[in-house]
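> Everything below, folded, please.
(chains A and B)
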Amino acid sequence: MIKDFPMPSTFEAACIVMCKRMDQWFSKSIKCGLLLSFSVFSAPALSVEEEAFSMLIEQTESFKSGWKAAQSGQLEQANKIWSALNEEKIIVPELTRALQNNLAVLLIKQENYLQAETLLNSALKSDPQIATTLDNLNQLYTYQAQKTYQKVFRKTAVKLPKAEFLFFDIKTATLPTENVEITPPKFSADAPYLAQLETQDVLQVKGLLDKWRLAWVNQDINEYLSYYHSKEFIPKEGMSYSAWQKSRHGSLQRPKFIKIAFDEIQVVQLDKNLIRARFLQKYESDRFKDDIFKVVLWQLNDGQWKIVQEVVASANS
Amino acid sequence: MQTAKRITNSSVITRNIKVLTLAVAGAFSCSSSADDVLAVEKKLLLGLESIQTLSMDNALDSFSALGEQHPNYKLAQLMKADLLALKAGQKPLLDQVRKNYPKSVARLKDEAAVRWQFAQSSASGVNGYFDNYVLKTAQQSHLIFVNLSESRLYLYERDSEGQMTLVTDYYVTMGRKGSGKQKEGDLRTPIGVYHIVDLLPGAGLPDLYGVGALPLNYPNDWDSEQGKTGSGIWLHGTPSNTYIRAPKASRGCVVLHNKAMDRLLSEYSLPYATPVLIVDDAEQLLASSTVKESVLTEVKTWLDNHHIGIDWTSVSVYRYPNEEDLLYVTFPAAVENELIHQYWKRGDNGWKLVIQSKEPVRVEKKA
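Here you go, the predicted structure:
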């Protein structure tokens, strides 16, 4: 027999390649330089308030300097910048994912495959949507593997893929950043309630929108907060409602004055209990000034419309 | 495969050969897809190669296509399943199968290894070693050369210029315990020079033998002289529910894929007495052509003196595998359709005849 054949020449060797060096499989794309890039313009808008927005811009700059270092081969420098950034509070999931991916790439380049694997896994799992989809796909692969093993070894147990549904709720959705036209729902016989309630609800929300603006301008924090739904409102990424509430106290009360004007207001009823208001918000205080498009979702609870989401659609340039 | 049925060895075959030959010709359809066997092997190797280069998705495609084409091909299915399990991140599933069926997995692994190694050595042009053994061939149309170290059968055919040329080669299975048969039931495949002494169509055989069988004259006179025992060493096909058997799985027979066997049986119409050399060698011998020429001269001189008027072109001379300085010489007997075979050993004064066949090998051409 031909002995000492150059490895990996056999099935066994093939298995070793497959099993022990799976990380290479992962890293293959990385060797081609598949670092994830990130720029603030590719990130969809979230509940980013003016201060958070400037923080995001700062983080983006910091990300870019890490990117430059990585591209020019200064991996340690890149690692330093990105690790530090990863410690900060990140409000945009795209940035979090780019950071986790890239830190894993750096680990792979250092042949620290085990840690890289952990990091990549957690990066995937940190997005529940991707994690669920990936899991469903893997269940299919597992099922196919078992079915195929069964062709070789008849007694192999085969479990049917369970698969998991993904829930979708507009409140948790990342809304389009650009000036997307939303066509008002067409009212038909199927939705007579919309036809009946539209005018009344939309008018009511338009009124509330202005009252909310006034509370803000008047720096009346309690009045201002009363327009938000304390249980359903989703504050900025990762922030608890109480922490957000506290930060609003500062935002409303610190400035010496606040001027706000709403323009180009569009109010659309999405369903019986949900109304979307989109408008140009012109904000000015002694500390800060900007014009942004904003989307605010109002939800009907116990006969009262409350804000459940507040999103910056785009900075108006 | 050793069988309960006893096959006559180098004695004259007494049954009605012509009737049998007709039956064989009718039993096998001319196979046009024989090279499907080689195409499948090629695809398997392609899959293994993809794994080497870590192109896992390509590998999965290769094995999936093979598995679909040949659901019985367990090696392809195992590779496909392994890749899917890994893709799903389910390495434990792969481990579990190996833990539950270590022997079956090992056998499939052996097949992959043998095929891979053969592909490597044949790509570098170092394989077979036909020239180590075949010093001179008579005018027979075919010769089968089996190298057990490669799990490979080579079919040689005489071309228009009278040269023995390789026409095809196939993966084969040998005895469970390997090569070098000594005695009845030792589950080994013999090493030596044999002849096809019968043609058995699959229709009359148990399913185990597949599309048919070519029995050999093991034990030959040399084997008997060495005290070797056993019987029923055949070349044969594969059971209907099996794509191919592991490299070491038979009870001593040489087993081929059914389509390969079919090709030997019907397409090439191998005549009776076709030589079958079975060797177990992985190295080229360093015999120079001058040594070969002087050996042949000695044999020719002796034959000229003892068998007046013998036609040298009808003489075959083989170096006998796994024996030191042993030659196997065949030439036609005075009686039509019979082959005299002799064993020559080198002594102090050159080559000497040591065994003259007691019973000649029967030669019968197809009708």
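
> Within the sheet, what are the partner strands of the helix or strand hosting A:Val267, with directions?
Of the helices and strands defined by DSSP states H and E, A:Val267 is found in strand A:258-271. Its sheet considered, strand A:258-271 pairs with strand A:274-285 (antiparallel) by DSSP bridges.

> Show me the contact partners of the partner strand.
Taking contacts as C-beta atoms under 8 Å, 6 or more residues apart in numbering or on different chains, the residues outside strand A:274-285 that touch it are A:50, A:170, A:182, A:201-202, A:205-206, A:209, A:255-270, A:289-300, A:305, A:313, A:316. The way it works is simple: take the backbone N, C-alpha and C, and place the C-beta from them, glycine included.

> State the number of residues packed around A:Val158.
As a burial measure, A:Val158 scores 13 neighbours (other C-beta atoms under 10 Å in any protein chain shown).

> Sorry, wrong one. I was asking about B:Asp304.
The tally of other residues near B:Asp304 (other C-beta under 10 Å) stands at 12.

> Roughly how far does the residue nearest the centre of chain A sit from A:Ser126?
Nearest to the geometric centre of chain A sits A:Pro93, at 4.2 Å (C-alpha atoms, centre = their mean). With the distance defined as C-beta to C-beta, to the nearest Å, A:Pro93 ends up 7 Å from A:Ser126.

> can you check B:Leu277 too?
Shown here: B:Leu277 relative to A:Ser126, a distance of 66 Å by C-beta to C-beta.

> neighbour-wise, which of these two wins?
Of the pair B:Leu277 and A:Ser126, B:Leu277 is the one with more neighbours under other C-beta under 10 Å, namely 24 against 13.

> Now for the residue with the largest distance to the centre of chain B: which residues touch it?
In chain B, B:Gly89 marks the outermost C-alpha relative to the chain mean, sitting 42.2 Å out by C-alpha atoms, centre = their mean. With C-beta under 8 Å, 6+ apart as the criterion, the residues that contact B:Gly89 are A:Asn138.

> For my notes, confirm it occurs in a strand.
No - with DSSP: H, G, I helix; E, B strand; the rest coil as the criterion, B:Gly89 is located in coil rather than a strand.

> Just want the phi and psi numbers for it.
For B:Gly89, the backbone dihedrals (degrees, to the nearest 10) come out as phi 70, psi 20.

> try A:Gln299
Its backbone dihedrals place A:Gln299 at phi -120, psi 140, with angles given as degrees, to the nearest 10.

> For the strand holding A:Val267, the averaged confidence score.
The average of the pLDDT scores along strand A:258-271 is 88.

> now stretch B:105-118: how far from the chain's centre is it?
Mean C-alpha position of stretch B:105-118 versus that of the full chain (C-alpha atoms, centre = their mean, to the nearest Å) differs by 18 Å.

> buried set for it?
Residues of stretch B:105-118 classed as buried: B:105, B:107-118 (neighbour count, 16 or more other C-beta atoms under 10 Å in any protein chain shown).

> and the residues you listed, which of them are in strands?
Cross-referencing those against strands under DSSP state E gives no overlap.

> B:Val254 touches B:Ile144, doesn't it?
No - applying C-beta atoms under 8 Å, one finds B:Val254 not in contact with B:Ile144, separated by 9.0 Å.
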